[in-house]
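Visitor: Requesting a structural model of the entry that follows:
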Amino acid sequence: MKLITEIERITCLAGALGALLILPLTGALVFEVLSRYVLDAPTLWAFEISYMIMGAIFMLGMANALRLGQHVSVDVVSIKLNPRVNAAIRSLCYCFFLPLICWLSWELFQYFHEAYQNSERSGRSAWNPIVWPVYATWFLGFLLLGLQVLAELLKSALVLVSNQEVTAT
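Guide: Alright, predicted model coming up:
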């Protein structure tokens, strides 16, 4: 199904971007350690940039983790059930989960929009950066999670209707 493929392509790209963010996170932390302990001159920005990048890694990766089946699950019962029963259970769970994700995405968009309009700053360090990019990443992460939940729901529906399983691309 083309919609599932497109959603999973976007999810995969976001996960790859999140993985690449490990590089600037590592660079910032190494720089901070060297500055603090070798040069005796700690940075003003390392703490904030590290939690911002780590948050982005988590947010951009959670939809991809769902796509790959990497979220924590208890498979003791589900491995004994046939695929159609598992698909029915997953569909039911996704139908409850999707409205929650949509609501969270909407609220996070409002949070981002307000921070952008007010030029909100973190207030956690002397650097005091603007925070709307962080909030935008939260919104994007939950939006992507919602899209992936929709894709998973469609995959479960395909199993229920046609007994055809769709695997992660």
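Visitor: what's the following helix or strand after the helix of greatest length in the chain?
Guide: Scanning the chain for the longest helix, with DSSP state H as the assignment, gives helix 83-118. Proceeding N to C from helix 83-118, the next assigned helix or strand is helix 132-162, under DSSP states H and E.
Visitor: From the chain's centroid, how far away is that next one?
Guide: Centroid separation for helix 132-162 versus its chain: 10 Å, with Cα atoms, centre = their mean, to the nearest Å.
Visitor: just to revisit the earlier point, of all the residues in the longest helix of the chain, which ones are buried?
Guide: 86-88, 90-91, 94, 97-98, 101, 104-105, 108-109, 111-112, 115 (16 or more other Cβ atoms under 10 Å). Backbone N, C-alpha and C define where each C-beta goes, glycine included.
Visitor: Just want the angle from it to helix 132-162.
Guide: 160 degrees (axes from the mean of the first three to the mean of the last three Cα atoms, to 10 degrees).
Visitor: What sits closest to Leu104 if chain neighbours are left out?
Guide: Leaving aside its sequence neighbours, Leu104 sits nearest to Phe142 (Cβ to Cβ, 6 or more residues apart in numbering; 5.1 Å).
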